[in-house]
Structure formats: C-alpha cells, structure tokens
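Engineer: Here you go, sequence then predicted model.
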Amino acid sequence: MPAPIASPRTAAAAAVLPIQVIAPARGWVPIRMRELWEYRELLYFLVWREVKIRYKQAVLGVAWAVLQPFLTMVIFSVVFGRFANMPSDGLPYPVFAYCALLPWQLFTFSLTESSNSVVANQRLITKVYFPRVMMPIAAVGVGLLDFVISFVVLLCLIGFYGAYYGISVGAGVWTVPLWALLAMMTALGVGFWLSALNVKYRDIRYTVPFLAQLWFFATPVVYPTSIVPEQWRLLFALNPMVGVVDGFRWALLGKTNAPDATVAISIGAVCVMFVAGLFYFRRMERTFADVI
C-alpha cells in the first residue's frame, strides 16, 4: 500500500511547530530560571503528591507535626533545662527549646527528603524529561506544612508562658518567613550535593542521619549562643543554622540579642552553600538517567 500523501495544510502546520532537541550539556550547566517557571505546575503536583504519600493511612495524620517537636521539647526541658540546668537567656526553657526546634526540624526533614529525592523518583527520571532540580525542591516544600502547624502551637505556648513570665511575641515576627526560607535554603544547598552523590553512591543515605546528628550539636538548639566563647563566635557562625536559630528566637521572643555580624556570616554561608550545591546538581544531572 502506498504511503499516504500529506495535504499542503498538514505540511504547513508541521513546519510551524518548533523542534526541540534534548541533549546533555557539557561543562557547568547554567541555571535556567525560565524553564523552572514553565514547569511550576509540575512542582505543585510533586509537592501535593508527597503530602498525600506522607499522611496517607497515617493513624494520627497531621498530629505528628505537633507531637514530634512537642515531645522533643518536653524531653529537652527535663534533661537540659532541669537536670543539666542549661541557661536559656532568661526565657522559660520549654519556649526557648521549642522555638529552636521548629526551624531545626524543618531543616532536618528537608535535608533527609531532598537528599533521597532523586533516587526515590528513579522511574520518573528514566521515562520523561523535566527539570530534575524540582525533585529536591518539592521534597523541601512538604516540610512547610508541618512547620506551619507547629508554629501555631508555638504561639499558644508563648501565650501560656507569657501570662506568668511576661513574654510576648517580638516586634520582628514579620521576619519569621525569612528565617524559615534560610533554613530551607541550607537544607537544599546540602541536599543538592547529597542527592546528586546518592545517585552514584547509594551509601550516602546512611550518612545523612549521622551528619544531622553532628550538625545538631553544632547548632544552638538546646543551648544559647551566649555560652560560646567570644573568640570562637565568628567560626561558630559559619554554621548556617546558627544564624537561622538565633534569628528565629529573636523574631518571636525579642529578648535575645538582635541579629549581628554572626547572623550576617551565617546568611552569607547559606547563600554560598545554596548556589554551589545548585550548580553541582545541574552539572551532575545529565548522568542521572544512565546511572540511576
């Protein structure tokens, strides 16, 4: 049977359609922000899918977002606040600890999920093209729901202790989204590196809990920055989460020291870590489909 002959109208329409060739880039791949914007709806569906997976068939549902930081705060208050008599900058230790646990748990959840995001979506990667960087970003976005729910509990806790200790929400409360964003950027900066490395070296996922545990003791969650010797403050501030935790406490409680040079150093470290991780991820993503 002879092949059908295309009509002039069909041939003209085919000639107008753009042809896009997808090929691996060489060297350092640029960050195409326009491409990310074009796939913004995909990012929404990836986040929504992760939220449904997280809470599907969970007995307590979103209550886990409250129980985990609240019970951790209770244990810290007994062990560090009561037994170890850890200073808390003149604040009730439960409020002091819970205020730091919110950005910290947002960071650790985002770090864990983003570092495993590429491997967890290996079937999707090998079947269709989309900006791979959306997978770590979507994994981080899921933690925002837990953060918002726990934040409401923190406000109730501040109101309860405020009646007895005279504390109230600080004037810098409007900066809370900034500190939450910095926590997510820190997790993403490290998550970009780990997720790309995890494709080739699968034992990377076993190092993430250990890394988070070491990072916890290097961050002023259960202790204030004021106990760190003055000569070590600048080196201590190279940990991006130091500025995030101190800034979060200042924004909500107002009685701790206002952001200073140490916070500025932490913010600079966040930006450097995020940009470096993003460029490394973009460089390595061209081999994901072949290696994964």
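Structural biologist: Good, I have the coordinates. Numbers count the residues shown, from 1 in each chain.
Engineer: Give me the distance between the closest residue to Ala65 other than its chain neighbours and Val153.
Structural biologist: Closest residue in space to Ala65, ignoring its immediate chain neighbours: Asp146 at 3.8 Å, by CB to CB, 6 or more residues apart in numbering. All C-beta atoms are positioned from the backbone trio N, CA, C, and that covers glycine. Distance of Asp146 to Val153, given as CB to CB, to the nearest Å: 11 Å.
Engineer: With Val142 instead?
Structural biologist: In terms of CB to CB, Val142 sits 19 Å off from Val153.
Engineer: can you give me the helices in the stretch 1-150 of the chain?
Structural biologist: Under the criterion DSSP state H, counting those that start in this stretch, helices of the stretch 1-150 of the chain are mapped to 8-16, 33-38, 40-55, 64-76, 93-115, 117-120, 122-125, 134-165.
Engineer: Neighbour count: Asp146 and Val153, which is higher?
Structural biologist: Asp146 (20 against 17; other CB atoms under 10 Å).
Engineer: I'd guessed the more buried one sits against Leu106; true?
Structural biologist: Yes: with contact defined as CB atoms under 8 Å, Asp146 reaches Leu106; the gap is 7.4 Å.
Engineer: So what's the residue count around the residue lying closest to Ser88 once chain neighbours are set aside?
Structural biologist: Nearest non-adjacent residue to Ser88, counting by CB to CB, 6+ apart: Phe96, 3.9 Å away. Phe96 is flanked by 29 other residues according to other CB under 10 Å.
Engineer: Thought Gly90 was touching Phe96, still the case?
Structural biologist: No: checked against CB under 8 Å, the pair Phe96 and Gly90 is beyond contact range at 9.1 Å.
Engineer: Would you mind listing where the stretch 151-292 of the chain has pLDDT under the threshold?
Structural biologist: In the predicted model, the stretch 151-292 of the chain carries pLDDT under 70 at residues 255-259.
Engineer: Okay, strands next: where are they in it?
Structural biologist: Under the criterion DSSP state E, counting those that start in this stretch, the stretch 151-292 of the chain carries no strands.
Engineer: quick one: the helices in it?
Structural biologist: Using DSSP H, counting those that start in this stretch, helices in the stretch 151-292 of the chain cover 176-200, 204-217, 233-236, 240-253, 261-284, 288-291.
Engineer: okay, those, which one's buried deepest?
Structural biologist: helix 240-253 (a mean of 26; mean count of other CB atoms under 10 Å).
Engineer: Put the alpha carbons of that helix into PDB.
Structural biologist: The C-alpha trace of helix 240-253 is given here as PDB (Å, rounded to 0.1, in the frame of the first residue of the first chain):
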ATOM      1  CA  PRO A 240      24.300  28.500  58.600                       C
ATOM      2  CA  MET A 241      21.800  27.100  61.100                       C
ATOM      3  CA  VAL A 242      23.300  29.300  63.900                       C
ATOM      4  CA  GLY A 243      22.000  32.400  62.300                       C
ATOM      5  CA  VAL A 244      18.700  30.800  61.500                       C
ATOM      6  CA  VAL A 245      18.100  29.600  65.100                       C
ATOM      7  CA  ASP A 246      19.200  32.900  66.700                       C
ATOM      8  CA  GLY A 247      17.200  34.900  64.200                       C
ATOM      9  CA  PHE A 248      14.100  32.800  64.800                       C
ATOM     10  CA  ARG A 249      14.400  33.200  68.600                       C
ATOM     11  CA  TRP A 250      14.900  37.000  68.200                       C
ATOM     12  CA  ALA A 251      12.000  37.300  65.800                       C
ATOM     13  CA  LEU A 252       9.500  35.500  68.100                       C
ATOM     14  CA  LEU A 253      10.700  36.200  71.600                       C
END
